[in-house]
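Visitor: predicted model and sequence below, questions to follow.
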Amino acid sequence: MRALRCHAFDQPETLSLDTVPDPVPAAGEIVVQVSAAGVNFPDALMVMGQYQVRPPLPFTPGGEAAGVITAVAADVVHLQVGQRVVVFTRTGAFAERVCAPASAATILPEAVTSEVAATLPLAFGTAMHALIDRAHLVKGETLLVLGASGGVGLAAVMIAKALGARVIAAASSAEKLAVCQLHGADACINYSSESLRDRLKELTGSHGPDVICDPVGGALTEPAFRSIAWGGRHLVIGFAGGAIPSLPLNLPLLKGASVIGVFWGAFEQREPAANARHLAQLLEWVAQGIIAPVVSARYPLSNGAAALRDILERRVVGKVVITPHA
Ligand SMILES: NC(=O)c1ccc[n+]([C@@H]2O[C@H](COP(=O)([O-])OP(=O)(O)OC[C@H]3O[C@@H](n4cnc5c(N)ncnc54)[C@H](OP(=O)(O)O)[C@@H]3O)[C@@H](O)[C@H]2O)c1
């Protein structure tokens, strides 16, 4: 089969399209024919050797995929060849077929396409874990989402609306904000042309946002935190902007506010049942039309590097997928 392979930690353009042996499921595993693989910022970081985890070389990147089961190990009894599933694999999904632990597979309802399902585990899973388990966001609260048209950002916009929150989307262009509005954002801030703090004051008065979803970091974190509500929760999700910011510790003191770390990868490993419940809820919301994940571009395996490059250069809205058999 064909697989996109990383032979050295380097720029995405150094990935090569190799022919490799078909995967064979070990005990407890299944093989999935990949209809679509979700592409995420951490995939690009992993290829460049800048992620927390550096897999042994060579490896096939790609952490999530959806498609049809083509093989199951003898000890796997709850899944069958021919079923359509979504899997989280950490690596290996940018290929025609991928091996996954049977425990990491979820059967898809008919109403959910494989393409949409492939976008759910990481970005939507992170936003669910962040808003529900970490921030305890409740109906009527105001959520500020930075990088709101990105993978995690747009997922947070949709999930927060489903939970009944008021959502302020913040992003770098009018086009990106238009997509956020289409998916339920109640108000928008263009942080390329407007002052984040002034606009937050206009939009929330002296209250400020109750919860801040921050997958961007850099120069946005401190002004956002300075505007947070009394008792607010600032979710530290990632640093797509490049710089890891620091915060004067008098600020959380003065606001009675919390800075809350979010690490979905560890949550998924430590609390698989809770993560599975989130994924089931997401699939139900998609099937009911309550959330509508955006797949803004599809790439063949041979052009997988372009998907990673588009993410790194801020060109992606929502999610993009690799479709190895299209
Ligand atoms: N903690 C966790 O468990 C967890 C899980 C998943 C992802 N993450 C991290 O969260 C971050 C976002 O992931 P994602 O998948 O949502 O990425 P994404 O789809 O690329 O979105 C990131 C957003 O950040 C903004 N941004 C600002 N400066 C940027 C820059 N220099 N380069 C790229 N984007 C920039 C962009 O919006 P504007 O152009 O509008 O500013 C972009 O839409 C990454 O750092 C990722 O590693 C963490």
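Guide: Right, received. Where do you want to start? Being a predicted model, the structure only gives us computed values, none of them experimental. Numbering: from 1, shown residues only.
Visitor: list the buried residues for stretch 2-12?
Guide: Neighbour counts over stretch 2-12 (16 or more other C-beta atoms under 10 Å) mark 2-6, 12 as buried. C-beta here means a position set from N, CA and C on the backbone, and glycine is covered the same way.
Visitor: near the ligand, which residues of the stretch 151-300 of the chain are found?
Guide: Contacts of the stretch 151-300 of the chain with the ligand, taken as C-beta under 6 Å from any ligand atom, map to 151-153, 171-172, 176, 215-216, 237-242, 262-265.
Visitor: 8 Å instead?
Guide: 151-155, 170-173, 176, 191-192, 215-218, 220, 236-242, 261-267 (C-beta under 8 Å from any ligand atom).
Visitor: can you add pLDDT, distance to residue 278 and secondary structure and give the buried residues of stretch 2-12 back as JSON lines?
Guide: Listed next are the buried residues of stretch 2-12 as JSON lines, based on pLDDT from 0 to 100; distance: C-beta to C-beta, whole Å; DSSP: H, G, I helix; E, B strand; the rest coil:
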{"residue": "2", "pLDDT": "98", "distance to residue 278": "32", "secondary structure": "strand"}
{"residue": "3", "pLDDT": "98", "distance to residue 278": "29", "secondary structure": "strand"}
{"residue": "4", "pLDDT": "98", "distance to residue 278": "28", "secondary structure": "strand"}
{"residue": "5", "pLDDT": "98", "distance to residue 278": "31", "secondary structure": "strand"}
{"residue": "6", "pLDDT": "98", "distance to residue 278": "29", "secondary structure": "strand"}
{"residue": "12", "pLDDT": "98", "distance to residue 278": "29", "secondary structure": "helix"}
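Visitor: what about the ligand: which of these touch it?
Guide: Filtering those for neighbours of the ligand using C-beta under 8 Å from any ligand atom leaves an empty set.
Visitor: pick the one among these closest to the ligand.
Guide: residue 12 (13.1 Å; C-beta to the nearest ligand atom).
Visitor: re the thing from before, could the buried residues of stretch 2-12 be laid out in TSV, adding distance to residue 227?
Guide: Below are the buried residues of stretch 2-12 laid out as TSV (distance: C-beta to C-beta, whole Å):
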residue	distance to residue 227
2	49
3	46
4	42
5	45
6	40
12	36
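Visitor: beyond the longest helix seen in the chain, next helix or strand please.
Guide: Ordering each helix of the chain by length in residues (DSSP state H) puts helix 272-287 first. On the C-terminal side of helix 272-287, the nearest following helix or strand under DSSP states H and E is strand 295-299.
Visitor: list the neighbouring strands of that following strand plus their orientation.
Guide: Strand pairing for strand 295-299, using DSSP bridges, gives strand 319-322 (parallel).
Visitor: now the strand it pairs with: buried residues?
Guide: For strand 319-322, by 16+ other C-beta under 10 Å, it's 319-322.
Visitor: alpha carbons of stretch 263-274, as PDB, please.
Guide: Extracted in PDB, the C-alpha atoms of stretch 263-274 (Å, rounded to 0.1, in the frame of the first residue of the first chain):
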ATOM      1  CA  PHE A 263      -3.900  18.000  27.300                       C
ATOM      2  CA  TRP A 264      -6.400  16.000  25.300                       C
ATOM      3  CA  GLY A 265      -3.800  13.300  24.400                       C
ATOM      4  CA  ALA A 266      -3.200  12.500  28.000                       C
ATOM      5  CA  PHE A 267      -6.900  12.700  28.800                       C
ATOM      6  CA  GLU A 268      -7.700  10.200  26.000                       C
ATOM      7  CA  GLN A 269      -5.200   7.800  27.400                       C
ATOM      8  CA  ARG A 270      -6.000   8.200  31.100                       C
ATOM      9  CA  GLU A 271      -9.800   8.500  30.800                       C
ATOM     10  CA  PRO A 272     -10.800   6.500  27.700                       C
ATOM     11  CA  ALA A 273     -14.400   6.000  28.900                       C
ATOM     12  CA  ALA A 274     -14.900   9.800  29.300                       C
END
